[in-house]
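A.B. asks: Make a model of this:
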Amino acid sequence: MATHGMVLFGHGARDVRWREPFERLAVKLRAARDDAGPVSLAFLGLMAPDLPTAIGALVADGCSVVTVVPVFLGQGGHIRRDLPEILDRCRVEFSDVEIRCATAVGEDDGVIDAVVGFCLRQAF
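C.D. replies: Got it, this is the predicted structure:
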């Protein structure tokens, strides 16, 4: 049975506090996956680890399938241009591993609904 790792991929920032909600998301996802496979973080820039490093760590831990989940609200230039280039390099470097990529989380109706709920809670 293949071990299926997951990487939450964010933008990154100079302020270390940027990482906090990603860490909380990773903790909750690990608990929800109930040992279905490891979950790690990666960032586009300004923070470590980068995506190739995170994927490499999952591969070293025995993952043969890795899903990258872009924790972005939309499909801007980083998701349309930068991420595919990075994934192509990772697929060459880790050719024995199936590397999948989800759409940006903000493209999902459930995420949009959760943001609407949040906004409504702020007004009342």
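A.B. asks: Tell me the buried residues in stretch 30-49?
C.D. replies: Residues of stretch 30-49 classed as buried under the neighbour-count rule (16 or more other Cβ atoms under 10 Å) are 30, 37-44, 47. Backbone N, C-alpha and C define where each C-beta goes, glycine included.
A.B. asks: Tell me which stretches of the protein form strands.
C.D. replies: All strands of the chain, identified by DSSP state E, fall at 3-10, 39-43, 63-70, 98-101.
A.B. asks: residues contacting residue 89?
C.D. replies: residue 52 (Cβ atoms under 8 Å, 6 or more residues apart in numbering).
A.B. asks: how close does it sit to residue 44?
C.D. replies: As judged by Cβ to Cβ, to the nearest Å, residue 89 and residue 44 stand 14 Å apart.
A.B. asks: residue closest to the middle of the chain?
C.D. replies: residue 8 (1.7 Å; Cα atoms, centre = their mean).
A.B. asks: wait, which of the buried residues of stretch 30-49 is closest to residue 54?
C.D. replies: Of all those, the one sitting nearest residue 54 is residue 42; the distance, using Cβ to Cβ, is 3.7 Å.
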